[in-house]
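Asker: how would this look folded up:
(one chain, ligands or ions: 1)
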Amino acid sequence: MSPLPVRDDLKDLHPYGAPQIDVPVRLNTNENPYPPSPRLRQAVADAVAEAAATLNRYPDRDAVELRKDLADYLGHGLTAAQIWAANGSNEVIQQLLQAFGGPGRRALGFEPGYSMHSLIARVTCTGWVAADRDEHFGLDPRRAARVIRDTGPSLVFLTSPNNPTGTAAPLPLIEAICDTAPGLVVIDEAYAEFAREGTPSALTLLPRYPHLVVTRTMSKAFALAGARIGYLAAAPEVIGKLLLVRLPYHLSAVTQAVARAALAHAAERRAGRAGRLAPAARAGRGGLRRELRAVRRVRVPARGLAAAARPRRPRPGGRAAALAAGHGGDAGGDGGLPLRPG
Ligand SMILES: Cc1ncc(COP(=O)(O)O)c(C=O)c1O
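Answerer: Numbers count the residues shown, from 1 in each chain. Next up, the predicted model:
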């Protein structure tokens, strides 16, 4: 039989495959270990039962009511027109790359970072520029601006707090990137709810930067990874372009109902076990950091959401080298938007 005529650029690619292991704390996929509360489960069940009554109809294509609820949850004076939702923030990222990346274009990310940014870039035929973080996993605004100027990416990805290092991006860094980037700047705030108190969100910069996009998810802080709900906040013009690439009815009526039920219980969630995870995680990482510091030749940044380490100069086969091996990922009317041609 002749080989399957798969695209040449996919031939050497392996599917995303973080192992799904049956253990209480799944660090490799960063899942919230606490299930939704009994009250939320009941609210979800009621919402799904109500949605079931009209499953003969397609869902609201534009998920307007959900987007209103998400805007209220985020605050910052945001409205539904500035919010977009999809099946997990991975799909949001894919839609951004489909609309603003593509053949002949490239996206830039700072590594180590979230591995799916580069993988989704690849499957959307977008070139990938891997820029380095410094030895403390931070980024100097001038160096970040220089690499953006030198490479001219259509999209810049920055995760804050970062997965896997936990480092949060200060606003002056995001401002320097927004001031320099010729295309979209995507701040992935999947872990925003776990950030240290007082850590400002990139949402505060949205009024100043029409090419800024902030992505969020209900997978982590809401403990809803199984429901697949991600969203973004951006200028309405950006969202207008995402409508060109989204599949019709991409977000099921059941998903929209589950998300709205969870948002209605957001206050209870914050007070409950899933909500208490953030302070618990912050307390727990102190001990982990102490352990990591005991490993010779490993540098551990003083601050950060997660405890991450990188070898000073790894020796082949050493413990520091083993740690380093694991740090690469999961542990017209358009306002001048750089939409892909065609
Ligand atoms: C930084 C970051 N962004 C996005 C995601 C994807 O989340 P979702 O479940 O919303 O697709 C993850 C998941 O681990 C993540 O770590």
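Asker: Whichever residue of the stretch 51-200 of the chain sits closest to the ligand: what's it in contact with?
Answerer: Going by Cβ to the nearest ligand atom, the ligand is nearest to residue 88 of the stretch 51-200 of the chain, at 2.8 Å. In this view, the C-beta of every residue, glycine as well, is placed from N, C-alpha and C. Residues near residue 88 by Cβ atoms under 8 Å, 6 or more residues apart in numbering: 217, 219, 228-230.
Asker: Pick out the most distant pair among those residues.
Answerer: Of all pairs drawn from those, the one with the longest distance (Cβ to Cβ) is 217 and 228, at 9.3 Å.
Asker: rewinding a little: I'd like the contacts of residue 88 laid out as TSV, including pLDDT and distance to the ligand.
Answerer: Shown next, in TSV, are those (pLDDT from 0 to 100; distance: Cβ to the nearest ligand atom, whole Å):
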residue	pLDDT	distance to the ligand
217	98	3
219	96	3
228	98	7
229	98	7
230	98	4
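Asker: one step back: out of residue 217 and residue 228, which sits in the busier spot?
Answerer: residue 217 (24 against 20; other Cβ atoms under 10 Å).
Asker: hey, what's the more buried one bridged with?
Answerer: residue 230 (DSSP bridges).
Asker: now the helix or strand containing residue 131, how far from the centre of its chain.
Answerer: Assigned by DSSP states H and E, residue 131 falls within strand 127-132. On the basis of Cα atoms, centre = their mean, to the nearest Å, strand 127-132 sits 17 Å off its chain's mean C-alpha point.
Asker: Isn't residue 65 up against residue 257?
Answerer: No - using Cβ atoms under 8 Å, residue 65 makes no contact with residue 257, being 9.7 Å away.
Asker: Between these two, tell me which one has more neighbours.
Answerer: A count of neighbours by other Cβ under 10 Å puts residue 257 above the other of residue 65 and residue 257, at 23 against 14.
Asker: Now that one, what are its backbone angles?
Answerer: phi -70, psi -40 (degrees, to the nearest 10).
Asker: sorry, back to before: measure the residue of the stretch 51-200 of the chain closest to the ligand to residue 113 for me?
Answerer: Per Cβ to Cβ, to the nearest Å, residue 88 is found 17 Å from residue 113.
Asker: same thing with residue 151?
Answerer: The gap separating residue 151 from residue 113 is 16 Å, by Cβ to Cβ.
Asker: Specify which residue of the two has the higher count of neighbours.
Answerer: More crowded of residue 151 and residue 113, by other Cβ under 10 Å: residue 113, with 23 against 15.
Asker: Enumerate every residue touching the more buried one.
Answerer: 133, 157-159, 162-163, 329.
Asker: rerun at 6 Å
Answerer: The contact partners of residue 113, by Cβ atoms under 6 Å, 6 or more residues apart in numbering, come to residue 159.
Asker: picking that back up, relative to residue 188, which of the contacts of residue 88 is nearest.
Answerer: Nearest to residue 188 among the contacts of residue 88, with distances taken as Cβ to Cβ, is residue 217, at 8.9 Å.
Asker: Identify the residues contacting that closest one.
Answerer: Residue 217 makes contacts with 89, 190, 230, as judged by Cβ under 6 Å, 6+ apart.
Asker: I'd guessed the last one sits against residue 85; true?
Answerer: No - distance between residue 230 and residue 85: 7.1 Å, which falls outside the contact criterion (Cβ atoms under 6 Å).
Asker: if we can go back for a sec, among the contacts of residue 88, which one lies nearest to residue 138?
Answerer: Lowest distance from residue 138 to the contacts of residue 88 (Cβ to Cβ) belongs to residue 217, with 23.6 Å.
Asker: And the closest one, how far from residue 116?
Answerer: Counting by Cβ to Cβ - residue 217 and residue 116 are separated by 12 Å.
Asker: quick one, helices of this protein?
Answerer: Per DSSP state H, the chain carries helices over the ranges 38-52, 64-74, 88-100, 115-123, 141-151, 171-180, 236-242, 253-264, 266-271, 273-293, 319-325.
Asker: most tightly surrounded among the ones you listed?
Answerer: With neighbours taken as mean count of other Cβ atoms under 10 Å, these reach their highest mean count in helix 88-100, at a mean of 24.
Asker: tell me the mean pLDDT over that one?
Answerer: The average pLDDT within helix 88-100 is 98.
Asker: What of stretch 64-83?
Answerer: What stretch 64-83 shows for mean pLDDT is 98.
Asker: so how far is the first residue of that stretch from its last?
Answerer: One end of stretch 64-83 sits 9 Å from the other (Cα to Cα, to the nearest Å).
Asker: got it, and stretch 214-227?
Answerer: 20 Å.
Asker: Run through the residues that contact residue 209.
Answerer: So residue 209 contacts residue 178 (Cβ under 6 Å, 6+ apart).
Asker: confidence score at it?
Answerer: 98.
Asker: What does it show for phi and psi?
Answerer: Note on residue 209: backbone dihedrals following degrees, to the nearest 10 are phi -130, psi 100.
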